[in-house]
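S.K.: pasted the sequence and its predicted model underneath.
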Amino acid sequence: MITLSSDFGSPYPAAMKGVVLQRSDARIVDVAHDFPRQNVEAAAFWLREVLPYFPPAVHCVVVDPGVGTERAALAIRAGEHALVGPDNGVLVPAARALADDFEVFEIDYDDPGSVTFHGRDVFAPAAATVHEAGVAGFETHEQFEPTEEYVDLTFPELIEREDGITGKALVVDSFGNVITNIPGRYLQAQFDTDVTVNGVWAPARRTYAEVDTGSRLVTVGSHGNVELAVNQGRGDERFSVSPGSRIRLRWT
Amino acid sequence: MITLSSDFGSPYPAAMKGVVLQRSDARIVDVAHDFPRQNVEAAAFWLREVLPYFPPAVHCVVVDPGVGTERAALAIRAGEHALVGPDNGVLVPAARALADDFEVFEIDYDDPGSVTFHGRDVFAPAAATVHEAGVAGFETHEQFEPTEEYVDLTFPELIEREDGITGKALVVDSFGNVITNIPGRYLQAQFDTDVTVNGVWAPARRTYAEVDTGSRLVTVGSHGNVELAVNQGRGDERFSVSPGSRIRLRWT
Amino acid sequence: MITLSSDFGSPYPAAMKGVVLQRSDARIVDVAHDFPRQNVEAAAFWLREVLPYFPPAVHCVVVDPGVGTERAALAIRAGEHALVGPDNGVLVPAARALADDFEVFEIDYDDPGSVTFHGRDVFAPAAATVHEAGVAGFETHEQFEPTEEYVDLTFPELIEREDGITGKALVVDSFGNVITNIPGRYLQAQFDTDVTVNGVWAPARRTYAEVDTGSRLVTVGSHGNVELAVNQGRGDERFSVSPGSRIRLRWT
């Protein structure tokens, strides 16, 4: 199985699928091709949330603001999974979530004819090669060189205070829910009370349905993190925050 | 074969696919993940139109404004097809279209860790279970309990008059065509004449190409219902209607 | 393998998939369903760019402003590939790219019940028939009649001048990059100089990363054509052009 993730929109991913299918009979599953454009942190977050639900697979990821520069191309072995993509940190949080330990390999590739479509010309062929060689032993292929050097990515630190906690908005999902880097356990003691978010009042509740349609709430999403939401509405607009915004929760 | 339908956008459906693929080797086909958000009636309409074109399959549907409340989870057997989703009526019109008769089962599930992602934690695993057990005999699995009680959903009644008929706009498709609940047979006698729609004049025609580019028309869509359209334009904007609007057709 | 391409958005393509799966066990791959609406030239361009990356397949294409009129339905054999779609030129550039030579067949079909969904009622069944009969010999099926008459489509001519070249904007991709019909070789001699585009100054560069974030550039895209772009921004907005616009490049 090969999964594909990118910020390419349409129809570019189809060329990647064609390239994979020229070289492999693997099942292909799209994770998403509408990740926020060139937003490595947002893609890294979603991949960490979603890829662990998959059975063993090769995950090909192309969110690559550095395309055309000297950045390396990587293949990572993480347990029975492999990840293929640019060396900008986008693969690393998912690798940590997939296995306790992981090994990183640099992909040696010929300069492709195109400078702007490494997804099709570098990463898709490499993903097919990893899949055909097998995750357990793909590094016997001459194209892969073990490396200790790669770009890491960690999500921002929290600032804990007696009366609350400060974190950051990581991503906004397609519903307008604002997903933060604050673990849900911080909010659980506050359920059924009211809190403030950057000074704006909102009830802390377990489910959307506990507030009226159109009302704000702070809850814990399926990813386990604190989420700013509006029942049947857009949390990003009502809380006036966007990816990267500081989020200060205060208990009241 | 397992089909997936939701209002989740992206990338949430990928987690559902991962969960299914952990448990089943079934072919997975996406029907749509951009159904109008939490609009049970619109999703029910589209599923009734689309699912009968499929060969026997398990159809997993998650349009679920009641997630986190006490609403039940259902599996429905409809001929050689099965439907899995929330007990809010969204499955019922499709079940009626797939078979003359259908049987409803309540899914017994452990309260999942998450309160907001039953698609991943309840419905996807249940769909895989139904698929692996087989549509003919999935109820031998202890998780399924026959029930006579479920939420029904029927589309609104028509009001017939001598000089016309009044119905309702059900959904707007991605082209801006307004699909009503008025069966096409009411319009057929009016083809090649002009009618009014909520007082707005429009020609009744068999095909878009019978009016100029940019002109309004009233026609019968591929679903067999009356449709308000604009040749190469958006009917919803030119007729000023949206899902739920009353649609009064009057012959002239 | 059957690929599907259309301007249908969602959920109409799902009905096409169901129809194919009723008749064939082929792998189905979506190329795109968000081609610019009823824009035959844009779809023809993308198909020519993308389909050659696929292994042998039947490519079913529905971008069909003439649906409901007398336009024919075609199946084209191009090497080991086949293309199925309306006779409006949308298939022809891809056929030329897939094989040196190609043969055109008219599809004989019963007038389907619907006048507006030939994708589901004519083209999807025909694609399944071609796939099941095999690309090498599908014309032995009575439904296919060889024909020499079909609508051709070629991309517009260039006007070369001593100090530059004039072409046309073909499509805008989902990033806002404007793809022209000007082959990249015209720009290569100008790399690292500045040029003007319709009088607007812009650097000619090999990669996006050679200009600042938010800055205009003229480059050569992965398709090999000249492209108007903005590093991490939208070229269509900053150059004020849209599909069909005249593009005059002038060396300075």
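M.R.: Arrived safely, thanks for sending. Residues are numbered from 1 along each chain as shown, chains lettered A, B, ... in the order given.
S.K.: low-confidence regions, chain A specifically.
M.R.: Within chain A, the stretches with pLDDT under 70 are A:112-116.
S.K.: in it, which strand has the most residues?
M.R.: In chain A, with assignment by DSSP state E, the single longest strand is strand A:164-172.
S.K.: any idea how far that one is from the chain center?
M.R.: Offset of strand A:164-172 from its chain centre (CA atoms, centre = their mean, to the nearest Å): 16 Å.
S.K.: partners of that strand in the sheet?
M.R.: Partners of strand A:164-172 in the sheet, by DSSP bridges, are strand A:159-161 (antiparallel), strand A:178-183 (antiparallel), strand A:246-251 (antiparallel).
S.K.: show me what counts as buried in the shortest one.
M.R.: Neighbour counts over strand A:159-161 (16 or more other CB atoms under 10 Å in any protein chain shown) mark no residue as buried. No exception for glycine: its C-beta is placed from N, CA and C like everyone else's.
S.K.: re the thing from before, comparing the strands paired with strand A:164-172, which comes out most buried?
M.R.: strand A:178-183 (a mean of 23; mean count of other CB atoms under 10 Å in any protein chain shown).
S.K.: touching chain B at all, stretch A:123-141?
M.R.: No: judged by CB under 8 Å from any CB of the partner chain, stretch A:123-141 and chain B are separated, with a smallest distance of 15.0 Å.
S.K.: what about that stretch and chain C, any contact?
M.R.: No: residues of stretch A:123-141 contacting chain C under CB under 8 Å from any CB: none, with a closest distance of 8.9 Å.
S.K.: quick one: residues in contact with that stretch.
M.R.: A:1-2, A:15-17, A:19-20, A:22-24, A:26, A:56, A:58, A:60-62, A:73, A:75, A:77, A:80-82, A:84-86, A:103, A:105, A:107, A:109, A:143-144, A:146 (CB atoms under 8 Å, 6 or more residues apart in numbering or on different chains).
S.K.: buried ones from those residues, can you make that a ChimeraX selection?
M.R.: Burial among the contacts of stretch A:123-141 is assessed by 16+ other CB under 10 Å; the matching ChimeraX selection reads:
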select /A:1,2,15,16,17,19,20,24,26,58,60,61,62,73,75,77,81,82,84,85,86,105,107,143,144
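S.K.: isn't A:T252 right up against A:T196?
M.R.: Yes: assessed by CB atoms under 8 Å, A:T252 is found in contact with A:T196 at 6.1 Å.
S.K.: those two: which is more packed in?
M.R.: It is A:T196, of A:T252 and A:T196, that has more neighbours when counted by other CB atoms under 10 Å in any protein chain shown, with 16 against 11.
S.K.: what sits against the more buried one?
M.R.: A:T196 makes contacts with A:A202, A:R248, A:L249, A:R250, A:T252, as judged by CB under 8 Å, 6+ apart.
S.K.: contacting residues for the last one?
M.R.: A:T252 is in contact with A:T193, A:D194, A:V195, A:T196, A:W201, counting by CB under 8 Å, 6+ apart.
S.K.: only C-alpha atoms, please: export the longest strand of chain A in CSV.
M.R.: Output of strand A:164-172 as CSV, limited to C-alpha atoms (Å, rounded to 0.1, in the frame of the first residue of the first chain):
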residue,chain,number,x,y,z
GLY,A,164,-4.4,28.5,32.6
ILE,A,165,-2.1,27.6,29.8
THR,A,166,-0.7,29.2,26.6
GLY,A,167,-0.1,27.3,23.4
LYS,A,168,-0.6,27.9,19.7
ALA,A,169,-3.1,27.3,16.9
LEU,A,170,-1.6,24.5,14.7
VAL,A,171,-4.2,24.1,12.0
VAL,A,172,-7.7,25.0,11.0
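S.K.: so which bits of that strand are buried?
M.R.: Those buried within strand A:164-172 under the rule 16+ other CB under 10 Å are A:G164, A:I165, A:T166, A:G167, A:K168, A:A169, A:L170, A:V171, A:V172.
S.K.: which residues of the stretch 101-250 of chain A fall in strands?
M.R.: Secondary structure of the stretch 101-250 of chain A (DSSP state E, counting those that start in this stretch): strands located at A:103-107, A:144-146, A:159-161, A:164-172, A:178-183, A:194-197, A:200-203, A:216-220, A:225-230, A:246-251.
S.K.: TSV for those, including distance to C:E132?
M.R.: Output for the strands of the stretch 101-250 of chain A, formatted as TSV (distance: least, CB to CB, whole Å):
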stretch	distance to C:E132
strand A:103-107	39
strand A:144-146	41
strand A:159-161	63
strand A:164-172	44
strand A:178-183	46
strand A:194-197	58
strand A:200-203	58
strand A:216-220	51
strand A:225-230	49
strand A:246-251	56
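S.K.: closest to C:N39 out of the ones you listed?
M.R.: Among these, the nearest to C:N39 by CB to CB is strand A:164-172 (30.7 Å).
S.K.: got the contact list for the residue of the stretch 101-250 of chain A found nearest chain C?
M.R.: Proximity of the stretch 101-250 of chain A to chain C (CB to the nearest CB) peaks at A:F117, 3.2 Å away. For A:F117, the contacting residues are A:Y12, A:A15, C:G221, C:S222, by CB under 8 Å, 6+ apart.
S.K.: greatest separation within the residues you listed: which pair is it?
M.R.: So, those by CB to CB: farthest apart are A:A15 and C:G221, at 12.1 Å.
S.K.: isn't A:S10 right up against C:A43?
M.R.: No: applying CB under 8 Å as the test, A:S10 and C:A43 come out as separate, 11.8 Å apart.
S.K.: so for those two, which residue has more residues nearby?
M.R.: C:A43 (32 against 17).
S.K.: phi, psi for the more buried one please.
M.R.: phi -60, psi -40 (degrees, to the nearest 10).
S.K.: how close does it get to chain B?
M.R.: Distance, C:A43 to chain B, by CB to the nearest CB, to the nearest Å: 15 Å.
S.K.: same question for A:I165.
M.R.: Distance, A:I165 to chain B, by CB to the nearest CB: 21 Å.
S.K.: with A:D100 instead?
M.R.: For A:D100, the distance to chain B - CB to the nearest CB - is 20 Å.
S.K.: tell me, which of the contacts of stretch A:123-141 make contact with chain C?
M.R.: A:A15, A:K17, A:V19, A:Q22.
S.K.: for the last one, grab phi and psi.
M.R.: So the one you mean is A:Q22. Note on A:Q22: its backbone torsions stand at phi -70, psi -30 [degrees, to the nearest 10].
S.K.: I'd guessed it sits against C:F54; true?
M.R.: Yes: counting by CB under 8 Å, A:Q22 does reach C:F54; the two are 7.3 Å apart.
S.K.: near chain B, which residues of the stretch 151-252 of chain A? Just list them.
M.R.: For the stretch 151-252 of chain A, the residues in contact with chain B (CB under 8 Å from any CB) are A:173-175, A:206-210, A:219-222, A:224, A:232.
S.K.: the same query, at a cut-off of 7 Å, please.
M.R.: The stretch 151-252 of chain A comes close to chain B at residues A:S174, A:F175, A:R206, A:T207, A:Y208, A:A209, A:G221, A:S222, A:Q232, as judged by CB under 7 Å from any CB of the partner chain.
S.K.: which residue packs closest to the fifth one, ignoring adjacent ones?
M.R.: Nearest in space to A:Y208, with sequence neighbours left out and distances taken as CB to CB, 6 or more residues apart in numbering or on different chains, is A:N231 at 4.5 Å.
S.K.: residues contacting the one you found?
M.R.: For A:N231, the contacting residues are A:Y208, A:V211, A:D212, A:T213, A:G214, A:S215, A:L217, by CB atoms under 7 Å, 6 or more residues apart in numbering or on different chains.
S.K.: got it, and A:L187?
M.R.: Counted by CB under 7 Å, 6+ apart, A:L187 has contacts A:A204, A:V218, A:V220, A:V226.
S.K.: distance to A:F138 and neighbour count for those residues - can I get that in JSON lines?
M.R.: Below are these laid out as JSON lines (distance: CB to CB, whole Å; neighbours: other CB atoms under 10 Å in any protein chain shown):
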{"residue": "A:A204", "distance to A:F138": "47", "neighbour count": "23"}
{"residue": "A:V218", "distance to A:F138": "44", "neighbour count": "27"}
{"residue": "A:V220", "distance to A:F138": "38", "neighbour count": "24"}
{"residue": "A:V226", "distance to A:F138": "38", "neighbour count": "28"}
